[in-house]
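Novice: Give me a 3D structure for the following:
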Amino acid sequence: MKNNIISATCVAVGIALAGLFVFLGLSKNANKDRTVTVKGLSTRTVEADHVIWPLSFAIAGDDLQMLYQERERISKVIIDMLKARGFRDEDLQLGNTSVENKWDSYSYGQRPEYKYQLNSSVIVSTDSVWLVVRNNGCQSELLNRGIIVNSSEWQQDYQYNGLPELKPEMIEEATKNARAVAQKFANDAECNLGSIARASQGQFSVESDEYQPWFKHVRVVTTVDYKLE
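Specialist: The predicted structure follows:
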């Protein structure tokens, strides 16, 4: 009888200990899986470091040879004006030239006055961004010389090429901001903030300012999972 009581007691103790170990194991695993997902934002406003600016023009006539000669004259006037305003030879180049036969392309109504229309351009491609900004109104000077160019600041392609150098500090800032958010969550939940469980870097976006396109808005959002202890 005494042996049976001892045996039953041992079995009961074993079952209790096993249950305790299971409980502790489940609690540990549950805490191990506790995480919080937060996002961190970093933004910068930077100046464009390159711009492409096409000054396009069109001339009409019946003699192709004369049209090409006129194209050379107009291109020289535009280039000379731009150089007088501070642009360098390496900033300027002639764009593609195309010719359209207006008599072949019309289908009804009165035939166009001139048979051919020649389309060409002078293209500014430069790192001197502010020189372009300051000369946005130069087409009025050309108009006084009888040259009509299709050019506006909205046709200018302002570019920013410094993103590789900017990325590390922006990612660091976004991650720091994400941790601050996670720490606030941990404080509110009355627990400790642990290490990073997972992290993903969002895509960098570079957008032109709506009214001043030579300014670029750079943005990145990181998503980070932190362990809660």
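Novice: tell me which element Val124 is part of?
Specialist: According to DSSP states H and E, Val124 maps onto strand 116-126.
Novice: Report the rounded mean pLDDT for stretch 124-143.
Specialist: If you average the pLDDT over stretch 124-143, you get 91.
Novice: For it, could you pull out the residues that count as buried?
Specialist: Residues of stretch 124-143 classed as buried: Val124, Thr126, Ser128, Val129, Leu131, Val132, Val133, Asn135, Cys138, Gln139, Leu142 (neighbour count, 16 or more other Cβ atoms under 10 Å). The C-beta positions use only the backbone N, C-alpha and C, and glycine is treated the same way.
Novice: who touches it?
Specialist: Applying Cβ atoms under 8 Å, 6 or more residues apart in numbering, the contact partners of stretch 124-143 are 47-55, 77-78, 81-82, 85-88, 91-93, 148-149, 151-153, 156, 158, 214.
Novice: if we go to 7 Å?
Specialist: With Cβ atoms under 7 Å, 6 or more residues apart in numbering as the test, stretch 124-143 has contacts from 47-53, 78, 81-82, 85-87, 91-93, 149, 151, 153, 156, 158, 214.
Novice: Just those residues: which are in strands?
Specialist: In this view, the contacts of stretch 124-143 that belong to strands under DSSP state E are Glu47, His50, Val51, Ile52, Trp53, Leu92, Gln93, Tyr158.
Novice: is it possible to export those to JSON lines including neighbour count?
Specialist: Listed next are the ones in strands among the contacts of stretch 124-143 as JSON lines, based on neighbours: other Cβ atoms under 10 Å:
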{"residue": "Glu47", "neighbour count": "14"}
{"residue": "His50", "neighbour count": "15"}
{"residue": "Val51", "neighbour count": "23"}
{"residue": "Ile52", "neighbour count": "14"}
{"residue": "Trp53", "neighbour count": "24"}
{"residue": "Leu92", "neighbour count": "18"}
{"residue": "Gln93", "neighbour count": "12"}
{"residue": "Tyr158", "neighbour count": "22"}
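Novice: Nearest to Gly109 among these?
Specialist: Trp53 (35.9 Å; Cβ to Cβ).
Novice: tell me which element the residue nearest the centre of the chain is part of?
Specialist: Centroid-nearest residue in the chain, with Cα atoms, centre = their mean: Val206, separated by 2.1 Å. Per DSSP H and E, Val206 falls inside strand 205-208.
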